[in-house]
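S.K.: Here's a sequence, model it:
(one chain, ligands or ions: 1)
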Amino acid sequence: MQIESLFKSAGLHIRDAQLEMIQAIKKSLDGGQKLVVEAPTATGKSFAYILGALWANQSSLKGDKAQKNKKNIVISTATVALQEQLFFQDLPFIQKLLSENGEQKFTYMLAKGRSRYLCLRKLYHLEEKDDVVLKEAKDLENQFNKKWDGDFDNLEQPLNRELSKAIYNNSSACSFSRCEYYQDCPFFVARQGLRKTDIIVTNHSLLLSHLDLGDGAILPKFDQSIYIIDECHHLPDRALSAFSASATLFGSQSWINDVDKLLNALPVALVDRNRRQDWQAICKKLVQDLTQMQQYIDALYQTQEKEEGVWRIKSLDSQVQLLSVEIKKGAALYANQCDRLKSELEKFIEKSQIHSHESLEKQFTQLGFLLERAQNLQMLWALISNVQSTPPIAKWVSLHGEKNISTQQHELANLNHQDYEVHASPIEAASLLKQMFWDNVVNGVILCSATVRALGKFDRFLNATGLRNQADTLLLNSPLLYHHSTLQIADMKFLPNNQKDHIQETIKLFNEQYLQGFEKGVLVLFTSIYAMEAVYQGLLPSIKRITQVQGDRSKQMMISLHKKRIDSLKPSVIFGVDSFCEGVDLPGDYLARLIIHKLPFSVPTNPIDKTRAEWLLSMNRKPFIDMSLPQSSLKLTQMVGRLVRTETDIGEVIILDKRLKTKFYGKSLLENLPPFKII
Ligand code: SF4
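M.R.: I've put the predicted structure just below:
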């Protein structure tokens, strides 16, 4: 592939860093290696990895063999915005470019979760609904028979919520190849299409579900795939949420008992006396164990120290641990019964001569729901009962709304009217990713992002993902001229820990200096909603009128209004928190002054971070140095990264936090930012 001439033919200039990235990706994939790339803003990283992967995928063999050796390139992103950019802009552009230059054509497709597709069986066996829903279902059926592919995102009109809930595609209610609609099923048709597609665009959550379900479950198999993980800095956190679980105590008991109704509605041939007795015994024991657990937790919750209503379980007493094991076993037995009965019911429906299967279909779907819930319960209590794991599992209990709890249930159990939600999560994703992903990769993985390093090193990312000693790293030079822009540490009297005075000082500076009479775009990034609201309330009315605060309207609408104002030569200011620190592209005058209210130190507030901090302390390590400081360095780089988006952008960053000058870590935080001119 003649990369440089390809760019030339489209009148594009290839940047050195971009070419370096393409070559490195080709080399790494050729060797089936893993490579982590930090590709700063404006490198053109998506073009680079698409071209690099296509190039590596082009076999030197010709004809049939080449086709046979071709792999599926799976590109996973963290955000919908990037997925859409790839699917609607970058891939069509590159496809056209290659075909105009006589290169091999390629196909591409979006891989979505099942729930984005229609389940035909549910549509055709829709239970009685009101007339409006039935009419809409009929319309949908007609659309499907004409040209609609069953993907809800491709519908012209949004779907009625009640109808979409009744007909969405999910695995627990699916009978797979035994389903009479399997051949036309939109989800399976799309999945078949994936196997024949050169480039599959997906998201981290779907990729992680695929890894969890087993090789080939959703996406092509490991030996058939090349992986590109963009926005890879989100992967560890996404993995943690994919492998965590939670459930309520009384809430669980209520669905466990639902099985009684279900058994009564099933044909006698499927539910004989023995089966009924087995089920009843499992349910009785499981409910008893959960009630007992509720009693323990009820008593403990009252006496334990709480952090914002959350009781973090730091150690399990032996009784609770034994009971957790029992609940885990009970949930496994329940799941097993559901699974067996589901397959038998499926065969029964298939064989029976009954014309209308509607009520049996309903029981089939219900069994699927119960199976999912039982598996979640099993996973939760397996995590809770695990006391051996190193690092430890984060476990916590929070109060759950009273509304769902029946008074009778509480009275029976002699408890107060409160349900508890029990949560558990691993605190590091490294070993899970290693075991489920990295160890199985055959044809190479490229992980990239504009910000991977923390404090100038890849270490934090490599440790968090389990890629230490497994992956090469590549740092590309930025094509942006940061030294044309300035970074100023405001001479503040107060430190941010003196929150009240620091906010008052900020308001004064904004009213008199930073937001007064400035004609171009300003973005102010806060680390808390409280501070953002408090500062906004103190602004002069004339400044309030030009300021939008995150939450006023959608992020997209805020940005488009901001651009409109700047295009009409009017001043405009945006106040934002976390979601404005990443993925916001305001080039030129849209953003000429970026103000950071406070260094983004995340005090460990959630149970996962707190458990991680304690674990580090137990090994004589310092959570501030090991966790907070690198996190803050990465976040600060993302924040200042909003300012300079193109080679001609010039502006100023103002940081209202003098700890950058006075604290021991200030220097290293500054040194690892892009090379602004510091004033
Ligand atoms: S194969 Fe599964 S998802 Fe598809 S129509 Fe049948 S039951 Fe629904």
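S.K.: how about the residues of the protein near the ligand?
M.R.: Within reach of the ligand by Cβ under 6 Å from any ligand atom, the chain has these residues: 119-121, 169, 174-176, 179, 181-182, 185, 187-188. Just so you know, the C-beta spots here come from the backbone N, C-alpha and C atoms, and that holds for glycine as well.
S.K.: Now neighbour count and pLDDT too, for those, in JSON lines please.
M.R.: Shown next, in JSON lines, are those (neighbours: other Cβ atoms under 10 Å; pLDDT from 0 to 100):
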{"residue": "119", "neighbour count": "24", "pLDDT": "93"}
{"residue": "120", "neighbour count": "23", "pLDDT": "93"}
{"residue": "121", "neighbour count": "22", "pLDDT": "86"}
{"residue": "169", "neighbour count": "24", "pLDDT": "89"}
{"residue": "174", "neighbour count": "22", "pLDDT": "84"}
{"residue": "175", "neighbour count": "20", "pLDDT": "78"}
{"residue": "176", "neighbour count": "10", "pLDDT": "82"}
{"residue": "179", "neighbour count": "18", "pLDDT": "82"}
{"residue": "181", "neighbour count": "16", "pLDDT": "90"}
{"residue": "182", "neighbour count": "16", "pLDDT": "91"}
{"residue": "185", "neighbour count": "23", "pLDDT": "95"}
{"residue": "187", "neighbour count": "24", "pLDDT": "93"}
{"residue": "188", "neighbour count": "20", "pLDDT": "92"}
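S.K.: any chance of those in TSV, with secondary structure too?
M.R.: Output for those, formatted as TSV (DSSP: H, G, I helix; E, B strand; the rest coil):
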residue	secondary structure
119	coil
120	helix
121	helix
169	coil
174	coil
175	coil
176	helix
179	coil
181	coil
182	helix
185	coil
187	helix
188	helix
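S.K.: Next SSE downstream of the helix ranked longest in the chain?
M.R.: Counting by DSSP state H, the longest helix found in the chain is helix 318-351. Counting by DSSP states H and E, the next helix or strand C-terminal to helix 318-351 is helix 358-385.
S.K.: Please save the CA atoms from whichever helix or strand comes after that next one in CSV.
M.R.: Next helix or strand after helix 358-385 toward the C-terminus (DSSP H and E): strand 393-400. Extracted in CSV, the C-alpha atoms of strand 393-400 (Å, rounded to 0.1, in the frame of the first residue of the first chain):
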residue,chain,number,x,y,z
ILE,A,393,-13.0,-7.2,46.2
ALA,A,394,-14.8,-3.9,47.0
LYS,A,395,-18.1,-4.7,48.8
TRP,A,396,-20.7,-2.3,50.0
VAL,A,397,-24.3,-1.9,51.1
SER,A,398,-26.6,1.0,50.4
LEU,A,399,-30.2,1.7,51.2
HIS,A,400,-32.7,1.0,48.6
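S.K.: Give me the sheet partners of strand 393-400 and which way each runs.
M.R.: Here strand 393-400 is paired, per DSSP bridges, with strand 310-312 (antiparallel), strand 419-426 (antiparallel).
S.K.: Now do it, average pLDDT.
M.R.: What strand 393-400 shows for mean pLDDT is 93.
S.K.: Could I get the buried residue list for that strand?
M.R.: 393, 394, 395, 396, 397, 398, 400 (16 or more other Cβ atoms under 10 Å).
S.K.: how about those residues in JSON lines, adding distance to residue 217?
M.R.: Shown next, in JSON lines, are those (distance: Cβ to Cβ, whole Å):
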{"residue": "393", "distance to residue 217": "25"}
{"residue": "394", "distance to residue 217": "27"}
{"residue": "395", "distance to residue 217": "28"}
{"residue": "396", "distance to residue 217": "30"}
{"residue": "397", "distance to residue 217": "32"}
{"residue": "398", "distance to residue 217": "32"}
{"residue": "400", "distance to residue 217": "32"}
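S.K.: Out of those, the closest to residue 83 would be?
M.R.: residue 394 (29.8 Å; Cβ to Cβ).
S.K.: so what's the closest one bridging to?
M.R.: Beta bridges link residue 394 to residue 425, judged by DSSP bridges.
S.K.: returning to that earlier point: what is the longest helix of the chain packed up against?
M.R.: On a contact count with 3 or more Cβ pairs under 8 Å, 6 or more residues apart in numbering; DSSP states H and E, helix 318-351 meets helix 273-303, helix 358-385.
S.K.: what pLDDT does the nearest residue to residue 233 once chain neighbours are set aside get?
M.R.: Once flanking residues are discounted, residue 233 sits nearest to residue 449: 4.8 Å by Cβ to Cβ, 6 or more residues apart in numbering. Looking at residue 449, its pLDDT is 97.
S.K.: Contact partners for residue 449?
M.R.: Counting by Cβ atoms under 8 Å, 6 or more residues apart in numbering, residue 449 makes contact with 38, 39, 230, 231, 232, 233.
S.K.: what does residue 474 give?
M.R.: When contacts are counted by Cβ under 8 Å, 6+ apart, residue 474 touches 20, 21, 24, 35, 36, 37, 38.
S.K.: Could you tell me what pLDDT the model assigned to it?
M.R.: pLDDT, read off for residue 474, is 98.
S.K.: Okay, and which of the contacts of residue 474 map to helices?
M.R.: Going by DSSP H, the helices hold 20, 21, 24 from those.
S.K.: could the residues you listed be laid out in CSV, adding pLDDT, distance to residue 333 and neighbour count?
M.R.: Putting those into CSV (pLDDT from 0 to 100; distance: Cβ to Cβ, whole Å; neighbours: other Cβ atoms under 10 Å) gives the following:
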residue, pLDDT, distance to residue 333, neighbour count
20, 96, 57, 17
21, 97, 52, 26
24, 97, 52, 18
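S.K.: just these now: which is nearest residue 257?
M.R.: residue 21 (57.4 Å).
S.K.: didn't the closest one look like it was pressed against residue 49?
M.R.: Yes: applying Cβ atoms under 8 Å as the test, residue 21 and residue 49 come out as touching, 7.3 Å apart.
S.K.: May I have the phi/psi pair for the residue nearest to residue 233?
M.R.: phi -170, psi 160 (degrees, to the nearest 10).
S.K.: Give me the distance between it and the ligand.
M.R.: 35 Å (Cβ to the nearest ligand atom, to the nearest Å).
S.K.: For that residue, name its beta-bridge partners.
M.R.: According to DSSP bridges, beta-bridge pairing links residue 449 with residue 38.
S.K.: Can you pull the poorly scored residue ranges out of the stretch 401-550 of the chain?
M.R.: 401-417 (pLDDT under 70).
S.K.: Tell me the residue of it that sits nearest the ligand?
M.R.: With Cβ to the nearest ligand atom, the shortest gap between the stretch 401-550 of the chain and the ligand falls at residue 436, namely 25.1 Å.
S.K.: What is the least confident helix or strand in the protein?
M.R.: When the helices and strands of the chain are scored by mean pLDDT, DSSP states H and E, helix 407-413 comes last with a mean of 49.
S.K.: one step back: out of the ones in helices among the contacts of residue 474, which is nearest to residue 531?
M.R.: residue 21 (38.3 Å).
S.K.: Excluding sequence neighbours, find me the nearest residue to the closest one.
M.R.: Closest to residue 21 by Cβ to Cβ, 6+ apart is residue 48, at 4.0 Å.
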